[in-house]
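Student: The amino acid sequence is not available; the structure is as follows:
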């Protein structure tokens with residue numbers, strides 16, 4: 001059967017630390033991947049860097065600027081979206 005869902009991932013995603021008690025965690029990602037019911041429907045590819053211009057195809061340039069300011073720091077964009085230096 002043909003793959004129907006594309007999952008983009010990288011081992012570095014396990015370094016995204018959002019603090020104790022926050023639902024976003026490496027453990028959550030591992031649980032999701034382990035719980036996929038039928039791997040035949042999924043294709044996993046390694047994430048790779050893309051130019052800013054491509055990111056701006058879907059995200060407002062102001063948002064990209066904001067995210068760039070977060071690079072290498074701990075913080076939160078809002079109550080649900082936390083980041084760490086490795087994010």
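Tutor: The structure has been received and is ready for your questions. Not measured: the values here are computed from a predicted model.
Student: nearest spatial neighbour of the residue positioned nearest the centre of the chain, skipping sequence neighbours?
Tutor: Nearest to the mean C-alpha position of the chain, by C-alpha atoms, centre = their mean, lies residue 13 at 6.5 Å. Leaving aside its sequence neighbours, residue 13 sits nearest to residue 29 (C-beta to C-beta, 6 or more residues apart in numbering; 6.1 Å). Glycine gets a C-beta too; all of them are placed from N, C-alpha and C.
Student: which phi and psi does the one you found have?
Tutor: Backbone torsions of residue 29, given as degrees, to the nearest 10, read phi -60, psi -50.
Student: what's the pLDDT at it?
Tutor: Listed pLDDT for residue 29 reads 76.
Student: Surely it is in contact with residue 15?
Tutor: No. Using C-beta atoms under 8 Å, residue 29 is not in contact with residue 15; the gap is 11.1 Å.
Student: Setting aside sequence neighbours, what's the nearest residue to residue 41?
Tutor: Closest to residue 41 by C-beta to C-beta, 6+ apart is residue 4, at 4.9 Å.
Student: what is the mean pLDDT for the helix or strand that contains residue 64?
Tutor: Using DSSP states H and E, residue 64 maps to helix 61-70. Per-residue pLDDT over helix 61-70 has a mean of 95.
Student: List of residues touching it?
Tutor: 52, 55-56, 77, 83, 87 (C-beta atoms under 8 Å, 6 or more residues apart in numbering).
Student: Residue 12 - nearest residue in space that isn't next to it in sequence?
Tutor: Residue 12's closest residue in space is residue 86 (C-beta to C-beta, 6+ apart), at 6.9 Å.
Student: That neighbour: neighbouring residues, count only.
Tutor: Around residue 86 there are 12 other residues, counting by other C-beta atoms under 10 Å.
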